[in-house]
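S.K.: based on what follows, work out the 3D shape:
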Amino acid sequence: MLAKILITGNIEILTGMHIGGSSDFSAIGAIDSPVVRDSLSKLPIIPGSSLKGKLRYLLAKHLNPSALNHNKDSEEILRLFGSSASPIVRARLKFNDAFLSNYEELYSRKISPTEVKFENTIDRKTSVANPRQIERVVRGSKFDFDIFYEMIDESQVKADFTNIKQALTLLEYDYLGGHGTRGSGRVKFNDLQAKIVVGKNDIIDKLNEILGEINEL
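M.R.: Numbering: from 1, shown residues only. So this is what the prediction gives:
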């Protein structure tokens, strides 16, 4: 390992976002599909697995759309996200859960961090409606996130960060979570910054220049 680089920023929710959690018990009239929440604060979170999975999917779709098995992704994707097939490839990226960072701002404006969206599906044969309640994180919420990148081969770092930038950009024009084709899950990445946290390297300015191209969008 040459160094570890920490990528930080915040995810701004542009349209209500639904990343589903679980409910042990659903009373009559309760929300059918709640969002995932932090067990301590009870506030919504963005799981690192959700962010990682969507970024990998979008980058793979962009770079090698013919790969139907994620373990058969191209080498540049495997080295970022890893492979569980033999030979095992260790992921260079480590994703942490992202936590709501502007709750006090929302609270001061008397805005709840989540909302309930009512949806209907209609049976075409019987015309019977099947209503359901979807919980969503409200527009304007912000989540601080951090991603660790392990620098293994210095000659590949710029290419890796270019692909990270590409994946983040693709997500801004797609959606995070569920129900994206019906308006949910638009996000924007703000204040992206990279810094060396372990080891030494003089490439950090160039990496921040690459990430800065997203901040300028």
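S.K.: list the pairing partners of the longest strand anywhere in the chain within its sheet, with orientation.
M.R.: Ranked by number of residues, the top strand in the chain under DSSP state E is strand 187-199. Strand 187-199 pairs in its sheet with strand 3-13 (antiparallel), by DSSP bridges.
S.K.: now the strand it pairs with: buried residues?
M.R.: Neighbour-count burial for strand 3-13 flags Ala3, Lys4, Ile5, Ile7, Gly9, Asn10, Ile11, Glu12, Ile13 (criterion: 16 or more other Cβ atoms under 10 Å). C-beta here means a position set from N, CA and C on the backbone, and glycine is covered the same way.
S.K.: if we can go back for a sec, what's the longest strand of the chain in contact with?
M.R.: For strand 187-199, contacts defined as Cβ atoms under 8 Å, 6 or more residues apart in numbering pick out 1-14, 17, 142, 148-149, 151, 161, 168, 171-172, 175-176, 204, 207-208, 211-212, 214-215.
S.K.: then stretch 208-217?
M.R.: 7, 158, 161-162, 164-165, 168-169, 172, 189-194.
S.K.: buried subset of those residues, written for PyMOL?
M.R.: Here is the PyMOL selection string for the buried members of those, based on 16+ other Cβ under 10 Å:
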select buried, resi 7+161+164+165+168+169+172+189+192+194
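S.K.: go ahead and confirm Phe161 touches Ile203.
M.R.: No: contact criterion Cβ atoms under 8 Å: Phe161 and Ile203 do not qualify, at 9.0 Å.
S.K.: what comes up buried for whichever helix or strand comes after the longest strand of the chain?
M.R.: Per DSSP states H and E, the first helix or strand lying C-terminal to strand 187-199 is helix 204-215. Under the neighbour-count criterion of 16+ other Cβ under 10 Å, helix 204-215 has Ile204, Leu207, Asn208, Ile210, Leu211, Ile214 buried.
S.K.: just curious, which of those is nearest to Val128?
M.R.: Ile214 (45.8 Å; Cβ to Cβ).
S.K.: and the nearest residue to Phe145 once chain neighbours are set aside, what are its bridge partners?
M.R.: Take Phe145 and drop its neighbours on the chain: the residue closest to it by Cβ to Cβ, 6 or more residues apart in numbering is Ala98, 3.8 Å away. Residues in a beta bridge with Ala98, per DSSP bridges, are Ile46.
S.K.: if we can go back for a sec, just give me how far the longest strand of the chain sits from the chain centre.
M.R.: On the basis of Cα atoms, centre = their mean, to the nearest Å, strand 187-199 sits 14 Å off its chain's mean C-alpha point.
S.K.: quick one: mean pLDDT for it?
M.R.: The pLDDT scores in strand 187-199 average 94.
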